[in-house]
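1. after the sequence you'll find the predicted model.
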Amino acid sequence: MLLVIVVAVVALLAGLAANRFLRPRLIKEDDGTGMAVKDLVGPLLTMTVLLLSFVLVTANGSYGKAEVASRGEARALDQLVETAEYAPQVQRARIQADAVCYARAVREQEWPAMSDGHGSPAPSVWSTDFRLTFRTLEGKPVFGMPVAADNKRSDEREERLTQASASIPSTIFWFLLATLFITVTALGFCLPRKNNLGQLTTLTVITALLTTMLVIIRDVDRPFGGIIDVEPTAITEVERQATRDFLAHSPATGLPCDDRGTRLA
């Protein structure tokens, strides 16, 4: 980073020195001629748009990964419930009950926590219970299937939690905000003071577009807490199916958790 700053400062000083000493020798023009401020605003606007576009692509990629991870976790949990069908009755009931409670804990406790970029310890209670149940299946033919499904669920949950954190550092966001401010201010400075209705309208539209792009970047960068957020639709559907399967096989047995996925005392 220091190298970049040094090179930029040296380039600026070299440019000013060339303007001061070299330009009069090479260009036979009046010292008052040259680029106007408005000539410099065009490249500034282009740079701002390119920066915002690049960061938007990055944020959108994070949003897409969060959505894919959420669906992948739900599919892995559904597979875990299905493979439990091959386990003995006691283990089958426990795995399916834990799956329901896990889905509830994700939907009701971890999903709201992810809006602030954090996870929740609630689902881990049931993932730990999964592994305790798997130990009782060691040595049996069915052992490998639920373990593989649970490993997939664990990987997808980790990816989901990773994408819940902002992919764009706050420093970059504030830099983009400062760039937006400077660009709009510079454009406004270059407008004519009279008969400028068309220019004012155009400036307002440009400001609105740049602002909207920055707002979208900020929103998409928080895939679980913004206006355009990832909903827990997939995990909710798996919860419904797992509840149905559990009640079909163990109608007389109650779930070990409440509606929020918290273990009952």
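-> Arrived safely. Note that the coordinates shown come from a computational prediction; the quantities given were computed from them, not determined experimentally. Residues are numbered from 1 along each chain as shown.
2. which residues touch Leu51?
-> 176, 179 (CB atoms under 8 Å, 6 or more residues apart in numbering). In short, each C-beta sits where N, CA and C put it, glycine included.
3. how about the one 4 residues further on?
-> By CB under 8 Å, 6+ apart, Val55 lies in contact with 168, 172, 176, 217.
4. the residues you listed: which two are farthest apart?
-> Put simply, by CB to CB the two of those set farthest apart are Ile172 and Ile217, 9.7 Å from each other.
5. looking at those two, which is more packed in?
-> Taking neighbours as other CB atoms under 10 Å, Ile172 and Ile217 compare with Ile217 leading, 21 against 15.
6. now Thr262, nearest residue through space, not along the chain?
-> Of all residues not flanking Thr262 in the chain, Ala122 sits nearest, at 6.6 Å (CB to CB, 6 or more residues apart in numbering).
7. please disregard the earlier target; I meant Cys101.
-> Residue nearest to Cys101 in three dimensions, not counting chain neighbours: Cys257, with 3.7 Å by CB to CB, 6+ apart.
8. what about the spatially closest residue to Arg75 that is not a sequence neighbour, helix or strand, and which?
-> Counting by CB to CB, 6+ apart, Ala234 is the residue found nearest to Arg75 once chain neighbours are left out, at 7.5 Å. Element membership for Ala234 (DSSP states H and E) is helix 233-249.
9. now that helix: buried residues?
-> Buried residues in helix 233-249, defined by neighbour count with 16 or more other CB atoms under 10 Å: 234-236, 238-239, 241-243, 245-246.
10. quick check, nearest of those residues to Thr262?
-> Glu239 (14.6 Å).
11. identify the residue spatially nearest to that closest one, adjacent ones excluded.
-> Ala103 (3.5 Å).
12. out of the helices and strands in the protein, which is least certain?
-> When each helix and strand of the chain is scored by mean pLDDT, DSSP states H and E, helix 23-26 comes last, with a mean of 65.
13. tell me what angle the helix or strand following that one forms with helix 233-249.
-> Using DSSP H and E, the helix or strand that follows helix 23-26 in sequence is helix 37-83. Orientation check (axes from the mean of the first three to the mean of the last three CA atoms, to 10 degrees): helix 37-83 against helix 233-249 gives 10 degrees.
14. quick one, the helix or strand where Ala178 lies and helix 37-83 angle?
-> Assigned by DSSP H and E, Ala178 belongs to helix 170-189. With the same axes, to 10 degrees defining the directions, helix 170-189 sits at 150 degrees from helix 37-83.
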